[in-house]
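Chemist: no sequence for this one, just the structure:
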């Protein structure tokens, strides 16, 4: 983790850049998006989503439920 974000390590640079460009710089920001919305970002794959999902779960949080 760096000082601007609390994203967990291991996500990978393409996904980190995609998340940052879309405004997802803090773990809490991911609770406002569905997993499908995040997966549609260029550079975001299943590994990055799994890492974010697991980090959210350790804090008792989840992605926004799909409609």
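Modeler: Sure thing, it's come through. Just so it is clear, the model here is predicted, and its values are computed rather than measured. Numbers count the residues shown, from 1 in each chain.
Chemist: distance of residue 56 from residue 37?
Modeler: Going from residue 56 to residue 37 by C-beta to C-beta, to the nearest Å gives 14 Å. Placement of C-beta: from N, CA and C, glycine included.
Chemist: for the spatially most central residue of the chain, what are its contacts?
Modeler: Nearest to the geometric centre of the chain sits residue 52, at 4.7 Å (C-alpha atoms, centre = their mean). For residue 52, the contacting residues are 7-8, 11, 27, 30, 38, 63, by C-beta atoms under 8 Å, 6 or more residues apart in numbering.
Chemist: between the residues you listed, which sits nearest residue 47?
Modeler: Residue 47 lies nearest to residue 11 out of the contacts of residue 52, by C-beta to C-beta, at 7.7 Å.
Chemist: neighbours around the closest one, how many?
Modeler: By the criterion of other C-beta atoms under 10 Å, residue 11 has 22 neighbours.
Chemist: the lengthiest helix in the chain: which residues count as buried?
Modeler: Ranked by residue count under DSSP state H, the longest helix found in the chain is helix 46-58. Residues of helix 46-58 classed as buried by neighbour count (16 or more other C-beta atoms under 10 Å): 48-49, 51-52, 55-56.
Chemist: need those in CSV (columns: distance to residue 20 and pLDDT).
Modeler: Output for the buried residues of helix 46-58, formatted as CSV (distance: C-beta to C-beta, whole Å; pLDDT from 0 to 100):
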residue, distance to residue 20, pLDDT
48, 12, 97
49, 16, 98
51, 15, 97
52, 13, 97
55, 16, 97
56, 17, 97
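Chemist: which of these sits closest to residue 42?
Modeler: residue 48 (11.8 Å).
Chemist: shouldn't that closest one be in contact with residue 9?
Modeler: No. Shown here, residue 48 and residue 9 do not form a contact pair, counting by C-beta atoms under 8 Å, at 11.5 Å.
Chemist: tell me the buried residues within the contacts of residue 52.
Modeler: 7, 11, 27, 30, 38, 63.
Chemist: closest to residue 18 out of those residues?
Modeler: Taking C-beta to C-beta as the measure, residue 18 lies nearest residue 38 of those, at 8.6 Å.
Chemist: sweet, I'm off.
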